[in-house]
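Asks: structure of the sequence below:
(one chain, ligands or ions: 1)
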Amino acid sequence: MPVITIRPGTYLIGGPELTFYLDLYFYAIVTNKDNIILIDSGSGKGFTNTIRNLMELGLSPLKVRYIINTHCHVDVAGGDYYFHNTFGTPIIAHEPDSLIIQHGDPKRTLAEELNIPFNPVPVYISIRRPVEKITLDDAELFIYHCPGHTEGSVLVLALINGFKVLFGGDSIIPDNGRFKVEVLEDKRKLLLDLDYHAACFNRFYLRDNAKETIETILLSSRIE
Ligand SMILES: [Zn+2]
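Replies: Model (predicted):
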């Protein structure tokens, strides 16, 4: 399956149909200078397919400037090691997930449960604050601490090419035709307060009317 354009400058480049069957969805943000920020990196088992997908977009994997992890689970952060080892890519994550990625804890990364090895990797920026801003060329990213799925889960709001795209990690999980919202109650407001056109999660994405859809999901979901 080819790479999917979510919005110009935002692409779905990895996932079960794209890179490896145990990879959850992960995404590339591409700036006006063809620099790349990855939001998550898959399990690592799909690394060579990820490189191929970047090249399919006409991009060099050497231009991946950062990987921002939405959380520390192996199915979204297992690819960090391969990027870091091959291209020296700096990794960004929020505490305490950043520490779990650095230590490769087999339980808290779900490596044991999913039976995928987690190779620990240094984290270049370990965020502690509730919100952190990163700018690269014409892309502006805001990283919000949003615990629930894990203690160090984040939401990333990207302003790219005139579009606002939310990256929600595993904070909302499709579950038998319904949705599980894994966000602590006092942080659910974030999903409602932020403004975005499209939303990219680890298990689904919304190209249009994302904010309205998320509002409906939040109103109809039970609090976990
Ligand atoms: Zn997860």
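Asks: average pLDDT for stretch 85-94, rounded please.
Replies: Here stretch 85-94 scores 98 as its mean pLDDT.
Asks: and that stretch, what's buried?
Replies: 89, 90, 91, 92, 93, 94 (16 or more other C-beta atoms under 10 Å). Every C-beta, even on glycine, is put in place using the N, C-alpha and C of the backbone.
Asks: quick check: bridge partners of the fifth one?
Replies: Following DSSP bridges, residue 93 is listed with bridge partners residue 126.
Asks: touching, it and residue 76? I think so.
Replies: No: counting by C-beta atoms under 8 Å, residue 93 does not reach residue 76; the two are 10.4 Å apart.
Asks: now do the shared contacts for the two.
Replies: residue 69 (C-beta atoms under 8 Å, 6 or more residues apart in numbering).
Asks: list the contacts for residue 105?
Replies: Here residue 105 is in contact with residue 118 (C-beta under 8 Å, 6+ apart).
Asks: then residue 17?
Replies: Going by C-beta under 8 Å, 6+ apart, residue 17 touches residue 1.
Asks: residue 23 versus that one, what's the distance?
Replies: Note on residue 17: its distance to residue 23, by C-beta to C-beta, to the nearest Å, is 9 Å.
Asks: got it, and residue 66?
Replies: For residue 66 relative to residue 23 (C-beta to C-beta), the value is 19 Å.
Asks: what of residue 187?
Replies: Noted for residue 187: a distance of 26 Å to residue 23, by C-beta to C-beta.
Asks: about what we covered before: between residue 66 and residue 23, who's got more neighbours?
Replies: A count of neighbours by other C-beta atoms under 10 Å puts residue 23 above the other of residue 66 and residue 23, at 28 against 21.
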